[in-house]
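Enquirer: Here is a sequence together with a model predicted from it:
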Amino acid sequence: MDKIDSLIDGFVADGWKSEPFEAMLAIWREHPDDIPRLVINIVDRLPDGGTFLDAALSYLPEEDFAVAVEHAWAAIERRGHSRATDAVMEYASLQVPHLLTPYLERFFTLMPNEGSYFDVLPWRAADGAELRRLRRILASDQPAAIRRRAWRCLHAASDLADVSVLAEHYVVMGHDAPVEGYLLETGIDVSTTPPRRLTTEHVLHLSFRRDYFTESRSSHMERKNHPTWDPPADRSGIELGFGGTVTGRACGNCGDDFDGLVELTGEAAELIEVGQRVQLVTCLTCLGWEIEVMFFAHNDAGVPTAIALPSELSEPQFPAGSLARTTVVLTETPTRWRAQEWGSANSRENLNRVGGDPTWVQSAEYPDCPRCDQLMPFIMQIDSELPDSDGAEWLWGSGGICFVFWCEQCAVSATLWQCT
Ligand SMILES: [Zn+2]
Ligand SMILES: [Zn+2]
């Protein structure tokens, strides 16, 4: 029997007991050319989808995504959207948004996923004609619901040139909160003239050695099963020191050693534009529990000193070790993985990243630099479930992400974490 039929029939008959995830992985390993047909069959026959469809989309070659999008779109037009068509649109929005450009106008009218967190993500790659169309709708006398939709799509397109249009028409959203907060969600800081981005185009991934991880994970979360964990075969890229403690430097809050995040030197420091050399640190014991945002001033050699702390040492609630020391390789992120979302990653993807947009777990949160009061640009993030010095998996809160920021003019770094 055909492996795809047997996966789908098995799931229809026995649900998760049929181990569809393992069956999907076997198809990917043994017959990778069958992945496009698998995706299309799931869309047709398992409209409720499943996490194995989400994962299968990670293995769908970029050149085959167009067929999957076309197929999912035809299914939406025929019978409305389903969990499976949503998954195709969600992952296409992130990984291959340019493929959705031809559908945007019809998508706008139908808005099959309205209300989901990814409903306007397809507009990430909106072209000039589509942006002009959205601006015309905003300025028109169409019903408020349509103009609100246009506002959200234009906002998702995140073009600096549209900041004033978004501010002008913000009233249609009917929110009390200032528009500035909304614009920060796409990394745009309007407190400066002209407005600027707090994020970079350039994205790199921290690539870990396989033997760094000791914990075994279930197959749907195994790191070898997602391309974002795969370092290039030759591990080419810039090697950096990661984790460990930074002795001789104590956290001004608990008095313990700083915990090293990553040491940026030479080419890496240049890439991220943090000067010549910067030791990024935090305090695993204090961050988030004792102090919401920790700030560090760096001297010319990049050595950190904690700043903006309470005047007295405190007794920490949750004393912690450090992230296990290792070396990581900073590798260029393929275009497909530049945009990653917390929800869509679903614990499968490598979210240890430098540059690009932060994978916020909650609303966007850029700290103010304590020296110059300007918002601090984002430079990197470190995910949970990395090994710590106690041999356990480190979790930021309940399993969130630590975000790192950098004020270039003051040579100040900041760290904070968010979790669900
Ligand atoms: Zn501390
Ligand atoms: Zn500053």
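Expert: Thanks, I have it. Ligands and ions are numbered 1, 2, ... in the order given.
Enquirer: gap between the residue nearest the centre of the chain and Met294?
Expert: Central residue of the chain (Cα atoms, centre = their mean): Thr359, 3.0 Å from the mean position. Separation of Thr359 from Met294 (Cβ to Cβ, to the nearest Å): 20 Å. Backbone N, C-alpha and C define where each C-beta goes, glycine included.
Enquirer: hang on, the earlier thing: let's verify the residue nearest to the centre of the chain: helix, strand, or coil?
Expert: Here Thr359 is coil, with the state taken from DSSP: H, G, I helix; E, B strand; the rest coil.
Enquirer: Quick check, it in contact with Gln340.
Expert: Yes - Thr359 lies in contact with Gln340 (Cβ atoms under 8 Å); the separation is 5.4 Å.
Enquirer: Common neighbours of these two, please.
Expert: By Cβ atoms under 8 Å, 6 or more residues apart in numbering, Thr359 and Gln340 have these common neighbours: 351, 353.
Enquirer: Is it correct that His155 is in contact with Val179?
Expert: No - if you go by Cβ under 8 Å, His155 and Val179 don't touch, sitting 9.6 Å apart.
Enquirer: Could you check which of those two has the larger neighbour count?
Expert: When neighbours are counted by other Cβ atoms under 10 Å, His155 and Val179 differ, and His155 comes out ahead with 24 against 18.
Enquirer: which ones are touching the closest residue to ligand 1 within the stretch 101-250 of the chain?
Expert: Closest approach between the stretch 101-250 of the chain and ligand 1, counting by Cβ to the ion: Ala250, at 8.1 Å. Ala250 makes contacts with 256-258, as judged by Cβ under 8 Å, 6+ apart.
Enquirer: pull the helix or strand with minimum mean pLDDT from this protein.
Expert: Least confident helix or strand, the chain: helix 266-272 with a mean of 82, by mean pLDDT, DSSP states H and E.
Enquirer: That helix packs against which elements?
Expert: Secondary-structure packing of helix 266-272 (3 or more Cβ pairs under 8 Å, 6 or more residues apart in numbering; DSSP states H and E): strand 238-242, strand 277-282, strand 353-355.
Enquirer: So what's the gap between the longest one and the chain middle?
Expert: Here the centre of mass of C-alpha atoms in strand 277-282, compared against the chain's by Cα atoms, centre = their mean, to the nearest Å, lies 22 Å away.
Enquirer: ok, that strand: who's next to it in the sheet?
Expert: strand 257-265 (antiparallel) (DSSP bridges).
Enquirer: For the partner strand, which outside residues touch it?
Expert: Taking Cβ under 8 Å, 6+ apart as the rule, strand 257-265 contacts 206, 240-247, 249-251, 272, 274, 276-284, 302, 304, 306, 320-323, 325, 328, 380, 382, 402, 404, 415.
Enquirer: Among these, name the buried ones.
Expert: Among these, those that count as buried by neighbour count (16 or more other Cβ atoms under 10 Å) are 206, 240-246, 249-251, 272, 274, 277-284, 302, 304, 306, 320-323, 328, 380, 382, 402, 404, 415.
Enquirer: closest to Ile42 out of the helices and strands packed on helix 266-272?
Expert: With Cβ to Cβ as the criterion, Ile42 lies closest to strand 353-355 of these, at 29.0 Å.
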